[in-house]
Each structure stands twice: as structure tokens, then as C-alpha cells.
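J.: Have a look at this prediction, sequence included:
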Amino acid sequence: MKVRIFFPLIASALLAQAGCTTVQPWEKGKLAKPEMTFGGDRLETRYADHIYTSREAAAGGAGVGGGGCGCN
Amino acid sequence: MTISKQTPQELAASLLAAALLLPGVRAQADEPPQNGSISLRYLDYADRQPGLDRIHAHSPSVSVTAPVAGDWSVEGTLTADDVSGASPRYHTAISGASHMQDERKAGDVAVTRYFRRGTLTAGAAYSTEHDYVSRALSLNGTLSSEDNNTTWAFGLAGSRDSINPVNHVVVDEHKRTVSVLAGVTRVLTPNDIAQLTLTRTNGSGYYNDPYKLFDNRPRSRRENTVLLRWNHYVDATGGTTRLGYRYYSDSFRIRAHTLSGEYVQPLGNGWTIVPELRLYSQSAAWFYYDPVYDATLGAPFPPGFSNGADPNRLSSPDQRLSGFGAVTVGLKVAREIGKLWTVDVKVEGYEQRGSWRLFHDGSPGLAPLRARVLQVGLTRRW
Amino acid sequence: MVDAVHRFPFESMASRCEIRLAAPNAGTAEALAQAAIAEVRRIERTYSRYRADSIVSRINAAAGCYRVECDAETWQLLAYADHLYGASGGLFDITSGVLRRAWDFRKPRVPGPDELAPLLALVDWAAVRREDGAIFLPHAGMEIDFGGFGKEYAADRACAILQQRGARHGYVNLGGDMRFIGPQPDGRPWSIGIQDPRKADGIAASIAVSQGALTTSGDYERCFDLDGKRYCHVLDPRTGMPVSHWRSVSVLAPLAALGGSVSTIAMLKEADALAFLEASGLAYFAIDSAGNAHHHSISGDYAS
Amino acid sequence: MMSARITRMLRTAIVLTAALAATGASALDKGIPAPQFELPGKDGGAVQLAKLQGRLVYVDFWASWCGPCRQSFPWMNDMQARYGARGLQVVGVNLDAKSDDARRFLAETPARFTIAFDPAGATPRAYGIKGMPSSVLIGPDGKVLYEHAGFKEADRAALEQVIQKALGGAK
């Protein structure tokens, strides 16, 4: 239980504090590269989620709203 | 024909305007791709344990993303799984494994509205196979700060599944879930961006695996995930590291850690190579029982079954609820052809062993599971 | 790896032409160039007054007799010619081609007033009637001639075709009137020399250009000298006599059709040329009869 | 217990959506003199805002990696061709850290207007731009007339009207 609450707090604190130098719009050349975004290839992510949820107990994390399946 | 006395500005403009009217003197500049895209992908999955080839799946899928009227975009995917093979009825027992052949079709569509500093996406998903139909709706939104360095994300989704196993262990069973998501993405430096996402899912209904023996699970499940991701651009190599850590915990008292890492390395004239490593570790569900069976009745009866244990006691011999560790090693090679086409091939090896569980010892007595995954993809932008 | 630049010289409209463009290999360059050259030849066939089957010859043959239906392209060209007539105060008159009967620049002979008078009577664009897609030259013997901007129009069309098919670097040069597809493959502009009006192989100035058009009207293309005076083919439609105030006028413009007509009108404006060139808002480089250069360049990629 | 959490989530969601509609503060106030700049041009010469006094100047901050910038170039070429003669001068200020990236971009996407390079980013900082691309319309008197961030299909007509109005006004 403790870990569940404690962990997100330090993570978000870390995030907020670390980004104190504001990055200017014209300095975002590298951030604009596709591989720097969190999206990833839609179908590739779909396959990965599908394989791991049908072989492991944990599921989700990055998004909500995918359908379930009777995979065994 | 009057010779009009034009002021200098009007003269210049009229001359140019007249010249521009001459037919075909100006080429229409070809519009750069408007981030529309269509992707085809094919998956070939096969897993086995020593002595038993288990599941083999072929899965073609297609995805289309189309910008609409400037501020909107529509995305849709269609997938068809052709799954066949054998699944142990309990733990990793080879004898009596149930052979199955199944065709699953799934599709989803999402409509996104773009605002000046945010997006709102409504999605619907549908999946059907002979014994399981799932419907899901979702609403996701993002909001960016004025300097676009911080983006908040929030999401709400619900799903409703109906289950009708061929063995009629149950008839017309249902499962409902509601999930919420909150996240923040933060630009740290010109080379670094990080993201924290929290999700919570509450579900109630039929969670059992109808094809496993003594699989009697609680009728509700609360699941939490915390996902921290960090992408870093490496100036020296022009490559990008993509690291992620996910902590999962649920009311089955399963705790799972997932550490995943990818390194995207462009190689010049369109080639890109992406090695991938994933480490996973989970604890067993509290009602999972090890392959140690009832003294008198033997496998698959749970211990104490013969001397009057409560028959609807919660229990499950499902390997997926046991404690184990797993490693995935993968490599993707992609090739961009011209400005519009990309083709890629991805190969992954996955292995799951009780003994690989991190920090604690895993469930004993289960055969290791190995899987190899092959994917081929083709994408065209327009 | 920067694409190599390929050159395709050819003859058209009685002048030396060349298409220069960068392409991944000679094969694609050849295919692109042939398509552009075909378009230049089509325009030459359609609007040449020397070819009996051209629309211009049919219009001229019908002068004083009947109207001739025009296709959309011809109709647009006539509309542009009409606009130039208005903008130049009547100096740019495509019916002035008829004066050519009195002038043969291969022989140094100046026609007398009695020879010019009947021809000048036929120079009257204002009298030409254009209604619902047809044109009628009211007096027999009248002629129209697209020589004033036909070549420049062809250069624009050829360039548009090359750009449409993906060419990004190169230019089309039709007898000195140039229309640019884009900069050199490495992004640097082309350095173009402006002909010295009095030295055949001399350069009066050089300009760095990466797009738009560079057109020149000069008194040295078809001309002769008599008693120390230069008689060139640019004729004032009111007097029938050659202009003499300027040796050459070069103009930088977004389109060759625009640049060509502005440089020709400037020659015709003689003393008022500079005022007209300023009003046109385009960059220019003009050399007067005394050999002095007058130029005006606007900042930006049009001129160096 | 579950419904409490859901409603709390929803409440934060609604608050965040409301913020969506809030308009951003503009970086430069209208009517103030535009900050001066002198930057290296594409063919060696210098590009100076002061030298363009008396013309309507459309300054566009762009970079080779920015998708909407690539969409805006054909439109800016069109504007320069159609209104250049009436006094409009488009100036594309490139903000790539490595100007070679910009030159490769320009070889693919031709610019028929003035290009200047500011790898250090001093000019965009002075103009306080908030997004990529960003454009600032400066009147003949050197004062800021209009500001715009981003570039979408729908922006083309609106921006052209602003230019026409400014040109109409400018005698």
C-alpha cells in the first residue's frame, strides 16, 4: 500500500523540478523527431499489449480504452 | 479600350495579376504530406514449453490515420487473429492440454479534435471471437501549457465483455470495467522528454479462464499502474534511447515491475535499427496454488480438496497468475523509401521462468515458456 | 549526394535555347527535358505567324473579312496583350508586327514616311473587336503577333511542367529569356551574366538568381547601324521608327511573361522608362544609349 | 468508494478542459516598435529589418524540423509573388541550430522570399515567440501590426486578409 502512494509522489516531484530550465520553441528540433514522441507505431504497440496481456497478469499503463479478449 | 491612368502600386499589381492568369504558367506546389497515413502489419507469434508447442497465431492488421478539415483527425484499425494450438488445463501439464482453433476479429476507431493547446479524443473498440465479445468506449484529452513544455493528459474508459465458453461451464457471463488515467509529459531539455502516467481500473464480473480446471477467481478486480517513461536524444550518435518503468498492482495482490528499453539508431539513407530489451517480474495471485496436489486425489486437485475443503474456494492453476520473471530481446530494422513509404521487420524472443522473478523467488514447478514473435510492417504517408 | 546537372541545348523560335536541370540520373533528366521541349515546340507551332496552320495566321488571314473563334489559351494570351496595351499607354501593341514589312534588318535601309504611313494605319489594337470567344481584325492587312511575350510565355510553361514533375533545380533559357526552376542542387543561386549590348561575348553585369525569371530586351538582337545610328527591331507603334534611348533593359520578375513584357515596354517608353520600371516594382538593370547602367534591386532572393 | 474517485477524476478533467479554451497571452503587444535585427542572409548579404522600413514586412520564424513550417512555404511564396509588388516583403528567419539542415530544407522546399539565419535564437527570444512556426506582421512604420503562432490550412485565408488590409491601408 505504502509503495502505491509514495512512488507517484516522488516521481511527479522529480518531473516538475527537473524541468526548471524552460526549453524554447525553436530548441525543440530533436524533440520533434518521431522516435522522441511517446506514441510509437500504433499497430506495433497494439500487438505488444495483446501478447503481453495474454501471457502475463499485468496490463495497460500507457493508455485506457482498449477492448478485452478471451486469449488463453 | 480605355488607357487607364493607374497609380504605380496598382500598375505593378495589375501587371503581375494579369501575368499570373496566363494558363499553366505556375506549377501547383505539391503539398507536403498532411500527416495522414495507412499501415499494414503482419504478426506471426508462436510459443512453446519443453515438450509442447502451445499457441501459434497469425495476425494481419491495418491502420488508417486521416486528417479531416484541419482541426480533426480520424484513426481506425482492423485486426484478424488466427489462433491455434494447445493450452495446458492446469499449470504446465502437457497431458490433457486442450487443443483449440479460434478466429478473432477486432476493430477500433477514434476521432480526435485539435484545439489550440490541447486535444480531445473519443474512441470505440470492438472485438469478437466464438466465445468472447468485448465492447469498449473511451474519452482521452490532453492540455498543454503556454510554452508547450508541459502536457497534462486525462482519460476515462469503460468496457463490457460477454463470455460464452464452448464447454458451457458458464453461459452468458459478463465483465465490466471502468478505467481512469491521469498523466503529465514534461520537456526537460532540448534532448530529453519524460512522462508519468497513472491508471486505475475497477472491474466486476467473470474473471475466470473457463478452459482451466479449478479456475475460480474473485468476481472483482481493482488494478493500478504507474508508468514512468523517458526519451533521450544522444547527440554523439544521433540515436534516441526510450526507457520505461511500469509498476502494476491489483486486488489479486499481484505486484509486477516492467523495465523496457529501446535504442533507435538511424543509419543514413533511410535505414534505422532498433534493438530492444524488456525485463518483467510479477508476484503470484494470492489464490494461485503451486503444482502440489491433493494427497489422495492427485493432480489437478488443489491440496486439501479431498477432506472437505470449501468447494467454491478461490483458486487458479493458471501459469499467468504465478510468480515469475520474463525477458524479451528484440530487434527491429526499418527502411524509409522516398518521403512517403516505410517498411520494417521486427523479431523478438521472449522467455518466462519462475526462477527469474526479481527480489523474491517465483512459483516453483512450472515449465519455462518461450515465444518468438515476427512482425512485418508497411506504412505510406500522404 | 548532390544530383548532377544535365544540359539539353535545342533550337526554337529562331533562337538558341537550353534546358539545364539536376536529376538523379541522365535518363530521368532526358525524359523531363523532352516533355518541356515538346511544350515549347507546341507553343511555337500554335502561335508562329510563319506557319499557315497556326491560329495567328488564321486570325491574320481573316482580317477585314470574318471573326475567328479562339481556344481558351489564345483567349487568355489576347486578354494579357490587351492588359499590356492598357498598362503601357498604347505602346505595347501586338498589331504593330505589320511594320516589319517595311523593315528588313538584313539590309541597312531606313523606310521613308510614305512607305510607313499605310502600315501605321493598320496598327490599331484599340479597333480590334473581341466578343464571346472570337476575334475580328477590322481592316484587311491587319496582323497580330505574339512575338512580344510568346517566347517568355513558353519559358514559364516549360518551367511549370518541370516543377510539376518534381524538378527542383535548374532553369529554362529560350534565347536569353530565362525562367528558373530552383537554385543549384547544393542550394547556391545560379550566377547569370547579362549580355553587353556592344560586345557580343562581353558581360555587362552578373546577377545571382535562384527562382523567378530574368528577361532582357535589347537593341542588338536584330538591328543594323547606318551613319553611326543604331536601328533596332523594337519599333514605336506611333512612328514606326526604332527606339534608341536604351541599349538594353533586363528585368527580374516572378514570371518570364511579366518580365519580358515589362522590359519591352521599358524600351518603348524611352525617356520615361525608369519611372515605368520603378512603378512596376520589379528589379531591373538597364543600359542607356551612352552606355551608363541604371539598376534597382529589391532585397530578397530576386536579385543580388 | 469507486464512484468518489471517478467523480474526482472527472472534476479535474472538466477544469482542465475549461483551461483549453483560454486564449494565450500574446508575446508582443500590437503597436510597439518591432525589435530590430540584422542577420546573415542566404546568399551572403545581410538582412536588416531597418533596411525594410517603409515596406510591410511579414517575419516568419521557421525551422527545418517543423512540419507546419513546410506547409507554410508554398503559401508564403504565393503571398510574396502576389503582394511583393505592392510593398510586402516576406522574411523567413531560420532557427535551426545547424544551418546546413536549413539549406537542405530549402533545396527541397524552395523559398521565393528573403531568408535569414539565426541559429543562436536571439531574434525569436526578443520577439518572445511561443510556438513554431510563428509570424509577426510589421507595418511600414516598423510597428507590430499582427502576430500569429502555428500554421494550419484554415489560417491561409485569415492571414491573407490581414495582409490585404495592411496593404490597403498602407499608401
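T.: Thanks, I have it.

J.: Tell me who's in contact with the residue in chain A positioned nearest to chain B.
T.: Using CB to the nearest CB, the single residue of chain A nearest to chain B is A:G65, 2.6 Å away. The way it works is simple: take the backbone N, C-alpha and C, and place the C-beta from them, glycine included. By CB atoms under 8 Å, 6 or more residues apart in numbering or on different chains, the contact set of A:G65 is B:123, B:125, B:136-138, B:140, B:155, B:157, B:179.

J.: Just the strands from the stretch 101-250 of chain B, written as ranges.
T.: Here the stretch 101-250 of chain B has its strands, by DSSP state E, counting those that start in this stretch, at B:118-129, B:132-144, B:150-163, B:173-189, B:192-205, B:220-234, B:239-250.

J.: which other residues reach the host helix or strand of B:V343?
T.: Per DSSP states H and E, B:V343 falls inside strand B:341-353. Strand B:341-353 is contacted from outside by A:41, A:44, A:51, A:55-56, B:47, B:274, B:276, B:319, B:324-337, B:362, B:368-381, using CB under 8 Å, 6+ apart.

J.: Drop anything exposed from these.
T.: A:41, A:44, A:51, A:55-56, B:47, B:274, B:276, B:319, B:324-326, B:328, B:330, B:332, B:334, B:336, B:362, B:368-371, B:373, B:375, B:377, B:379-381 (16 or more other CB atoms under 10 Å in any protein chain shown).

J.: just checking, which of the residues you listed belong to strands?
T.: The strands, defined by DSSP state E, take in B:47, B:274, B:276, B:324-326, B:328, B:330, B:332, B:334, B:336, B:369-371, B:373, B:375, B:377, B:379-381 from these.

J.: quick revisit: what lines up beside the strand holding B:V343 in the sheet?
T.: Note on strand B:341-353: by DSSP bridges, its sheet partners are strand B:324-337 (antiparallel), strand B:369-381 (antiparallel).

J.: Spell out which residues make up each domain of chain C.
T.: C:55-136, C:189-304 (automatic domain parsing).

J.: Could I get the average pLDDT for the longest one?
T.: Think domain C:189-304. In this model, domain C:189-304 has a mean pLDDT of 85.

J.: Just checking the distance from it to the centre of its chain.
T.: 11 Å (CA atoms, centre = their mean, to the nearest Å).

J.: if I've got this straight, C:P185 is in a helix?
T.: No: using DSSP: H, G, I helix; E, B strand; the rest coil, the assignment for C:P185 is coil, not a helix.

J.: How many residues are close by D:K143?
T.: 12 (other CB atoms under 10 Å in any protein chain shown).

J.: Please report phi then psi for it.
T.: Backbone torsions for D:K143, taken as degrees, to the nearest 10, come to phi -100, psi 150.

J.: Give me the pLDDT for it.
T.: 92.

J.: From A:A58, how far out is it?
T.: 60 Å (CB to CB, to the nearest Å).

J.: Can you show me the helices along chain A?
T.: Remark: helices assigned in chain A by DSSP state H are A:2-18, A:42-53.

J.: Go through those and find the least confident stretch.
T.: Minimum mean pLDDT among these: helix A:2-18, a mean of 57.

J.: and the residue in chain D that chain C sits nearest to, helix, strand or coil?
T.: Taking CB to the nearest CB, chain C has its nearest neighbour within chain D at D:A85, 3.6 Å off. Using three-state DSSP, the structure places D:A85 in helix.

J.: right, and it touches C:E278 too?
T.: No: D:A85 lies out of contact with C:E278 (CB atoms under 8 Å); the separation is 11.2 Å.

J.: Which one of the two is surrounded by more residues?
T.: Neighbour count, other CB under 10 Å: between D:A85 and C:E278, D:A85 has more, with 26 against 13.

J.: thinking again about what came up before, pick out the most distant pair among the contacts of A:G65.
T.: Longest distance between any two of these is 13.4 Å, between B:A125 and B:G155; criterion CB to CB.

J.: got any residues that touch both of those two?
T.: A:65, B:138.

J.: Tell me the bridge partners for the residue nearest in space to the middle of chain D.
T.: Central residue of chain D (CA atoms, centre = their mean): D:S135, 1.7 Å from the mean position. Here D:S135 sits in beta bridges with D:D60, D:H148, as judged by DSSP bridges.

J.: residues contacting it?
T.: Going by CB under 8 Å, 6+ apart, D:S135 touches D:58-61, D:147-148, D:151, D:159.

J.: What is the lowest-pLDDT residue among these?
T.: D:F151 (89).

J.: what lines up beside the helix or strand harbouring B:P67 in the sheet?
T.: Assigned by DSSP H and E, B:P67 belongs to strand B:52-68. The strands beside strand B:52-68 in its sheet (DSSP bridges) come out as strand B:37-49 (antiparallel), strand B:72-87 (antiparallel).

J.: Dump the strands paired with strand B:341-353 into CSV; add distance to B:L227 as well.
T.: Output for those, formatted as CSV (distance: least, CB to CB, whole Å):
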stretch, distance to B:L227
strand B:324-337, 17
strand B:369-381, 22
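
J.: Burial check on B:E262, number of neighbours?
T.: With other CB under 10 Å as criterion, B:E262 counts 19.

J.: my bad, C:F180
T.: 26.

J.: hmm, the helix or strand it falls within in reach of chain D?
T.: Using DSSP H and E, C:F180 maps to strand C:177-182. Yes: using CB under 8 Å from any CB of the partner chain, strand C:177-182 reaches chain D at C:G182.

J.: Tell me if that strand is near chain B.
T.: No: judged by CB under 8 Å from any CB, strand C:177-182 stays clear of chain B, getting no closer than 8.9 Å.

J.: got it, and stretch C:247-264?
T.: Yes: counting by CB under 8 Å from any CB, chain B has neighbours in stretch C:247-264: C:253-255, C:257-258, C:261-262.

J.: do the same with stretch C:278-290
T.: Yes: judged by CB under 8 Å from any CB, stretch C:278-290 comes into contact with chain B through C:278-282.

J.: From those residues, keep the buried residues only.
T.: Buried members of these, scored by 16+ other CB under 10 Å, are C:279-282.

J.: Let me know the distance separating B:D318 from chain D.
T.: B:D318 sits 26 Å away from chain D, going by CB to the nearest CB, to the nearest Å.

J.: count of residues packed around that residue?
T.: If you count neighbours by other CB under 10 Å, B:D318 ends up with 23.

J.: and what of C:E221?
T.: 17.

J.: Tell me which residues touch the spatially closest residue to it that is not a sequence neighbour, please.
T.: Take C:E221 and drop its neighbours on the chain: the residue closest to it by CB to CB, 6 or more residues apart in numbering or on different chains is C:H233, 6.6 Å away. By CB under 8 Å, 6+ apart, the contact list for C:H233 reads C:103, C:105, C:221-223, C:242.

J.: distance of B:V373 from B:A57?
T.: From B:V373 over to B:A57 the distance is 9 Å, taken as CB to CB.

J.: C:P9 pairs with what?
T.: C:E18.

J.: Do I have it right that it meets C:A33?
T.: No: look at C:P9 against C:A33 with CB under 8 Å: they stay out of range, at 10.1 Å.

J.: Quick check on the two: which one has the bigger neighbour count.
T.: Set C:P9 next to C:A33 and count neighbours by other CB under 10 Å: C:A33 wins out with 24 against 10.

J.: That one reaches C:L21, doesn't it?
T.: Yes: if you go by CB under 8 Å, C:A33 and C:L21 touch, sitting 6.7 Å apart.

J.: Identify the contacts common to those two.
T.: Counting by CB under 8 Å, 6+ apart, the common neighbours of C:A33 and C:L21 are C:6, C:8, C:162.

J.: quick one: secondary structure of the last one?
T.: Following three-state DSSP, we place C:L162 in the helix state.

J.: Let me know the pLDDT of it.
T.: pLDDT recorded at C:L162 is 92.

J.: ok, how many other residues are close to it?
T.: 27.

J.: distance of it from chain A?
T.: With CB to the nearest CB as the criterion, C:L162 and chain A are 32 Å apart.
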